[in-house]
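In: What follows is a predicted structure for the sequence shown.
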Amino acid sequence: MGSLRDVLVPDIGDFKNIPVIEVLVKPGDSVKAEDSLITLESDKATMEVPAPFAGVVKEMKIKAGDKVSEGMPILSLEISDAAPAPAASQKPAASAPAPSPVPQILAPATKPAPAPSSPQPAAVGPIDETGFAKAHASPSVRRFARELGVDLGLVKGSGPKARILKEDIASFVKNALAQPAGATGGGAGMALGLPSWPQVDFAKFGPVETQPMSRIKKISGPALHRNWVHIPHVTQNDEADITDLEAFRKSMAEEAQKQGVKLTPLALIMKAAVAALKIHPEFNSSIAPSGDALILKRYYHIGVAVDTPGGLVVPVVRDVDQKGVLQLAKELGEMSVKARDGKLGPADMQGGTFSISSLGGIGGTHFTPIINAPEVAILGVSKSTTKPVWKDGQFVPRLMLPLSLSYDHRAVDGAQGARFITYLNSVLSDIRRVLL
Ligand code: CAO
C-alpha cells in the first residue's frame, strides 16, 4: 500500500471560482509528474493543471462544471512507498499544490505531430496555424486535434461560448471520413486544407431541377477527380499541319468504305502517336509503386475516350503498333458502337498504356485532357481547320490540327514533353515517318 496525498488547485493568480471545463483523469489512472489533470477556464485563458508527482488516482474531488479557487482539493493520489518521496512531501502539509498551471491563450500547447509515414485519413491536412491558434479550445483538445491532424480553425465548437470539445473533433473526423471520395469540399477539400464547399439553396434564386448523374458519371467522376488532384499535370499544346495526311485519308476513304470501315483521322493519329511513343518510351510508362522508377511498357495499347449517352468511357485498342490503319478504324468503329450500347466489359477497358481523347468531330481548339492513371500521358485532339501558314515567303492555306498533350510531370520533364509533341507533329505532317 502506498500513501494517499491530495493534490490542490495551485496558485492561479487573482482568479477565483474558475470553472473546471475538463477532467482528464479518473480513479485508477496512473499519472506521471506533469501529466495534465484538469483544465480550468477563466475569461481570458484556458489552463491545464499538471500533477505535482506521479501516482495512481484514488478519488476525484471535483467534476467538470465545478468552480474552484486556489487551495481546493482536485483529487487524491496514491504514491507508491517504493517511489522516491515527492518534492512536495518535504512540506509539512499533507496536501501538495499542483505546479503552476499551463495557460493557453493563443499559442498551441504542443508541437505539431511528426509527419506521418502511413496513409492518413481524410481529416489530415495542412493546419492553418493562425486559425488553429485563435480557436477556442483547451490545451488537451488542441493536442487531440494535432494528433489527428485536424485544423481547429475548421471545427465548430458546441461547448459553452462555442468552445471546441473533444466530441466536436471526433464528429468532424467522422464526417470527413464519411464523405465520398468525389464529394466536393468534404474530406478531400479538407485534406487539401481548403475551405468547405459553399452550401447554397439555389431554389431561393429561381426555379431548379435536380438531374441524377448517370452510373458512369458517378464512377468516372471520382476517378477523374483523383487523377486531377494527384497527378501534377502539364499540358503542352501544338498544331500539326495535316494537309497531306488528310489528302491521304480522303484518298483511302473509298477503299475503306468498300471494307465497311469509316476512316476518320483518329486511326492515323493513333498510328502517329505510337511512332512517337516508340521514340519517347517514358510516355508509354507508369510510375512504379515505390515511386522511384518508371515501368516502361513494350506494348502499345491505346485507350480512346468515347462519348456515350451514359457518360465517358475509355475502351482500349490493343497492339496498335502491329495493326494497319484500316484495321484500327474497323476496331474503333466496333468499339464505339459497343461503348454507346453500354456493352463494354471491364476487360475492354483495361491494360491501356497511353490514351487519346478526340473532340475533333465536335469542335473547339485546345483543351486540357485529364491523364488516365496509372498512365502518364494523354493526347487531346481538337477539330482541324484551314489556316494561313507562312511558308517559303508567303501565306499558304494549310489544314492545322490542334494537339494538347497532358503529361505527368513526375514521370516526364517539360523538355521531353516538348520533344514528344514536336516529334508527333513531324509524323502527322509526314505520315511516312511511321515507317521509320
Ligand atoms: N478534325 C476535323 N474533323 C474531324 C476530326 C478532327 N480532328 N476528327 C474527326 N473528324 C470528323 C470525322 O472525319 C467525321 O467526319 P464525317 O462525318 O464528315 O466523316 C466526324 O468528325 C465525326 O467523327 P467521329 O467522332 O464519328 O469519329 P472519330 O473517329 O473522330 O471519333 C470517337 C470516334 C469514338 C472517339 C468519338 O466519336 C468520340 O466519342 N469523341 C468524344 C471523345 C470525348 O468525349 N472526349 C472527351 C474526354 S475528356 O472529357
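Out: Alright, I've got the coordinates.
In: Low-confidence stretches in the chain?
Out: The chain contains residues with pLDDT under 70 at 1, 44, 82-126, 178-192.
In: That one against the ligand: which residues are in contact?
Out: Residues of the chain lying close to the ligand (Cβ under 6 Å from any ligand atom) are 264-266, 304-307, 312, 332, 336, 357-361, 369, 381, 383-384, 401. Any C-beta I mention is one placed from the backbone N, CA and C, and that applies to glycine too.
In: Take those and keep only those in strands.
Out: 304, 306-307, 312, 357-358, 381, 401 (DSSP state E).
In: quick one on the thing from earlier: just the buried members of the residues of the chain next to the ligand?
Out: Buried members of those, scored by 16 or more other Cβ atoms under 10 Å, are 264-266, 304-307, 312, 332, 336, 357-360, 369, 381, 384, 401.
In: Pull up the pairing partners for the helix or strand hosting residue 6, direction included.
Out: In this assignment (DSSP states H and E), residue 6 forms part of strand 3-8. Applying DSSP bridges to the sheet, strand 3-8 is found paired with strand 73-79 (antiparallel), strand 95-97 (parallel).
In: just checking, what packs against the host helix or strand of residue 168?
Out: Using DSSP H and E, residue 168 maps to helix 166-178. Helix 166-178 sits against helix 139-148, helix 187-191, with contacts defined as 3 or more Cβ pairs under 8 Å, 6 or more residues apart in numbering; DSSP states H and E.
In: next one: that helix to chain centre, how far?
Out: 18 Å (Cα atoms, centre = their mean, to the nearest Å).
In: Tell me how far the closest residue to the ligand within the chain lies from residue 401.
Out: In the chain, no residue comes nearer to the ligand than residue 360, which is 2.1 Å away by Cβ to the nearest ligand atom. For residue 360, the distance to residue 401 (Cβ to Cβ, to the nearest Å) stands at 8 Å.
In: anything in contact with each of those two?
Out: Any residue near both residue 360 and residue 401 by Cβ atoms under 8 Å, 6 or more residues apart in numbering counts here, and that gives 265, 381-382, 384.
In: got a list of what the residue lying closest to residue 172 once chain neighbours are set aside touches?
Out: Spatial nearest neighbour of residue 172, excluding adjacent residues (Cβ to Cβ, 6 or more residues apart in numbering): residue 155 at 4.9 Å. When contacts are counted by Cβ under 8 Å, 6+ apart, residue 155 touches 135, 145, 164, 168-169, 172.
In: what's the answer for residue 355, then?
Out: Contacts of residue 355 by Cβ under 8 Å, 6+ apart are 302-305, 314, 369, 371-372, 375, 377-379.
In: Let me see the contact set for residue 293.
Out: Contacts of residue 293 (Cβ under 8 Å, 6+ apart): residue 287.
In: Then the one 4 residues further on?
Out: Residue 297 sits next to 284-286, 353 when contact means Cβ under 8 Å, 6+ apart.
In: wait, doesn't residue 348 sit right on residue 315?
Out: Yes - if you go by Cβ atoms under 8 Å, residue 348 and residue 315 touch, sitting 4.8 Å apart.
In: Dihedrals phi and psi, the residue nearest to residue 172?
Out: Phi and psi for residue 155, reported as degrees, to the nearest 10, are phi -100, psi 140.
In: Please report how far it lies from residue 138.
Out: For residue 155 relative to residue 138 (Cβ to Cβ), the value is 13 Å.
In: Thanks a lot, catch you later.
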